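Visitor: 3D model of this:
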Amino acid sequence: MRIFVTGGLGFTGAALTGRLLDEGYEVSVLDKRPGLVMDELSARGADITLGSVTDREVVERCTEGCEVVMHVAAAFRETGAPDSLYDAVNVDGTRNTVEAALAAGVRKYVYCSTQGVHGNIDDPPGDETSPVEPEDYYQATKYRGEQVVREYDDRGMEWTILRPTAIYGPGDSERFAMIFRRVDRGKFPMFGTGSTFYHPVYIDNLVDAFLLTIPEGVGAREAYIIADDEYVSIRDLVRRVAKALDTDVKIPTYPIGPLIVAGHVCEKLCKPFGIKPPIFPRRVDWFRQVRAFRIDKARRELGYEPRVPLDEGLRRTGQWYRENGYLS
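Guide: Residues are numbered from 1 along each chain as shown. Below you'll find the model as predicted:
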């Protein structure tokens, strides 16, 4: 079986591509950047094309001969990017991949969305029925991408939507790296109470969920929250990262109000110059946005079970950061 993975050289996509190759699938990959593992995946047999999901002709070429499409590519935290980029990649790019899949006779289309479409969870834990209330433009366009997928529901192609929580693990050079670096330095400033819930998903667990969607009929025309078995307060997460690194960390506490103001001001000042702001609203939201979910539906309908628990996932991630020079 041949599977097309968009964004197949990024953190999530590369892990997915690698596992598919391990399982004996032929893999077609499209990504706009070569990433850290392009040569390795190419040597293992991945058919790699450098390009964008905004290029319809390239997408159609990569889809030819594929039975399954896994759409992972997304505009995510692009420095100084206009809203039009998120529209072009997350909405129009999704339409390109869906229409190419239909034209190529693809059997199953899997769309990687985000738990962020639910925004803040007022009454945790949430689930797939929680209100859709995206809190930034990225999250809003990811949900519009979901709506694009659903538009083609009557065309005979099965689709499944996955909404992963906070993805982490070896190979992630950005998302959790900052948390680990601060803990490794021995001091982690906490803004607010630190009691806000946070829900990680280890990369191997997420990839398991992708593979579970491949068989015909599994997860058809449904959306699923994909997360680890437990959610934790952000203060507890910091302490468990310290445990994973076998180090001590001090967690001084500061009021969050000034940080919220600073985040908005920095973003507005930096955006016209294409400069990555040191503080921005999405980063501030980490301290205050509640993210905690049940995964009952994925367990029941996909057979999903997170195999790697949080402490083991953090240990593996910390080891990878040390071995690859991300920590002091």
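Visitor: any idea how far the residue nearest to the spatial centre of the chain is from residue 193?
Guide: Among the residues of the chain, the one closest to the centroid is residue 167, at 5.4 Å (CA atoms, centre = their mean). Going from residue 167 to residue 193 by CB to CB, to the nearest Å gives 25 Å. In short, each C-beta sits where N, CA and C put it, glycine included.
Visitor: what's the answer for residue 164, then?
Guide: Distance from residue 164 to residue 193, by CB to CB: 26 Å.
Visitor: excluding its backbone neighbours, what's nearest residue 164?
Guide: Nearest residue to residue 164, sequence neighbours excluded (CB to CB, 6 or more residues apart in numbering): residue 226, at 4.7 Å.
Visitor: sorry, wrong one. I was asking about residue 159.
Guide: Residue 159's closest residue in space is residue 109 (CB to CB, 6+ apart), at 4.4 Å.
Visitor: any idea how many residues pack against the one you found?
Guide: 24 (other CB atoms under 10 Å).
Visitor: how much space separates it from residue 97?
Guide: Taken as CB to CB, the span from residue 109 to residue 97 is 8 Å.
Visitor: so what sits against both of these two?
Guide: 69, 71 (CB atoms under 8 Å, 6 or more residues apart in numbering).
Visitor: gap between the helix or strand hosting the residue nearest to the centre of the chain and the chain center?
Guide: According to DSSP states H and E, residue 167 maps onto strand 166-168. Distance of strand 166-168 from the chain centroid (CA atoms, centre = their mean, to the nearest Å) equals 6 Å.
Visitor: also stretch 210-228?
Guide: 15 Å.
Visitor: so which residues of this protein form strands?
Guide: 2-6, 26-31, 47-50, 68-71, 108-112, 158-164, 166-168, 190-191, 197-198, 200-202, 222-226, 232-233, 253-254 (DSSP state E).
Visitor: now those strands as TSV including distance to residue 142 and mean pLDDT?
Guide: As requested, those are arranged in TSV below (distance: least, CB to CB, whole Å; pLDDT from 0 to 100):
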stretch	distance to residue 142	mean pLDDT
strand 2-6	14	98
strand 26-31	18	98
strand 47-50	23	98
strand 68-71	11	98
strand 108-112	9	98
strand 158-164	9	98
strand 166-168	13	98
strand 190-191	26	96
strand 197-198	19	98
strand 200-202	16	98
strand 222-226	12	98
strand 232-233	24	98
strand 253-254	31	94
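Visitor: dump the residue contacts of the nearest residue to residue 60 once chain neighbours are set aside.
Guide: With CB to CB, 6+ apart as the criterion, residue 60 has its nearest non-adjacent residue at 4.6 Å, and that residue is residue 100. Going by CB under 8 Å, 6+ apart, residue 100 touches 56, 59-60, 62-63, 69.
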